[in-house]
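Asks: Sharing a sequence plus its predicted fold:
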Amino acid sequence: MTGDIPISVIIPAKNEEANLPRCLSRLKRFAEVVIVDSGSEDRTGEIAREFGAEIIQFDWNGRYPKKRNWYLLNHKPKCDWVLFLDADEIIDDVFCEEAARAVASGTHDGYWLNYTNFFLGKPLKYGDPQRKLALFRFGAGLYERIDEMGWSRLDMEVHEHPVIDGPIGEITTRIEHNDYRGIAKFIDRHRDYALWEAKRVEVLRARGLENAEHLTDRQRTKYKNIDKWWFPWSYFAFTYFAKRGFLDGGPGFAIAFYKLWYFFSIRLLIRENMRDQQNEAQASSGAITETAAGPQAN
């Protein structure tokens, strides 16, 4: 692809044949499109080549860096700006124009992007809107570094935000976020998100949330309260009633319900991890006491 918008579009992928054609068909105006693939077993690679995208293979060992930081640390894009898209994210010409003006302005080093989420085949107009800091100047920063050890099967940054050194703006034109792979993939993906978030809470609290200066206010609030009994129910009430998710009908209820299930699962995983740690500490303490007391006479 050799378009005239000076942005390198980077797409992490694995078995994305269902989503990739729509995504790539909207990227012809960009100077470079790169697929960072994790050994796809479907037609992902073939589709990428048909659209003229470059393909880079990524093998994850379960630790830092994941896919997006790995690309930023090990490759030099053709353009000074990088746009990270997922294969199920679709842009239009209005977005292209706004992004082109933004990077030409020289006023910011990164931009928040806004999304319209689809669920059960319908756009969600209400509830909790999604936005990501996914367009930034190459070299201005990296995604948060989290030294995990195989916490989940997630080989790319999802809940990690880029930490950008410079002013941040916003692209207001919305991106369509519409995964064509079905509800089973949604559930499977959120299982991994829950495992990962439970481990992350454990690490953040061990180090002290007050020392995690890079967290946004939203992240700080979430990780402070995520294992409270009321958190899943409050999130449901906030998105479904206060943010009027009920106006989205059945899909609005379904997404609010699944998010309740998701946060409730994280709470249980955190409590289970804490219980396991306490049991290990007690077992270790008992072993030390026996060693100090020496052999017992019969």
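Replies: That came in fine, so what should we check first?
Asks: Report the buried residues of the helix or strand containing Tyr71.
Replies: Using DSSP states H and E, Tyr71 maps to helix 67-74. Within helix 67-74, the residues scored as buried using 16 or more other Cβ atoms under 10 Å are 67-72. In short, each C-beta sits where N, CA and C put it, glycine included.
Asks: Without its sequence neighbours, what residue ends up closest to Thr172?
Replies: Closest residue to Thr172 apart from its sequence neighbours, by Cβ to Cβ, 6 or more residues apart in numbering: Asn114 at 6.4 Å.
Asks: Need the phi and psi values for the one you found.
Replies: The phi/psi pair for Asn114 (degrees, to the nearest 10) reads phi -110, psi 150.
Asks: For it, list the residues it contacts.
Replies: 129-131, 170-175 (Cβ atoms under 8 Å, 6 or more residues apart in numbering).
Asks: and it, what pLDDT?
Replies: Per-residue confidence (pLDDT) for Asn114: 97.
Asks: Quick check: which ranges of the stretch 1-150 of the chain have low pLDDT?
Replies: For the stretch 1-150 of the chain, residues meeting the criterion pLDDT under 70 lie at 1-2.
Asks: can you list contacts of the helix or strand containing Thr221?
Replies: Counting by DSSP H and E, the element that carries Thr221 is helix 217-225. Taking contacts as Cβ under 8 Å, 6+ apart, the residues outside helix 217-225 that touch it are 161, 200-201, 204-205, 209, 212, 215, 231.
Asks: what do you get for stretch 232-251?
Replies: Outside stretch 232-251, the residues that reach it (Cβ under 8 Å, 6+ apart) are 119-122, 124-128, 252-253, 255-257, 259-264, 267.
Asks: Can you say which of those are buried?
Replies: For the contacts of stretch 232-251, buried by 16+ other Cβ under 10 Å: 119, 124, 127-128, 252, 255-256, 259-260, 262-264, 267.
Asks: Reformat those into CSV and put secondary structure and distance to Tyr193 next to each item.
Replies: Converted to CSV, these look like this (DSSP: H, G, I helix; E, B strand; the rest coil; distance: Cβ to Cβ, whole Å):
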residue, secondary structure, distance to Tyr193
Phe119, strand, 16
Leu124, coil, 18
Gly127, coil, 17
Asp128, coil, 15
Gly252, helix, 20
Ile255, helix, 14
Ala256, helix, 16
Lys259, helix, 11
Leu260, helix, 14
Tyr262, helix, 7
Phe263, helix, 10
Phe264, helix, 13
Arg267, helix, 14
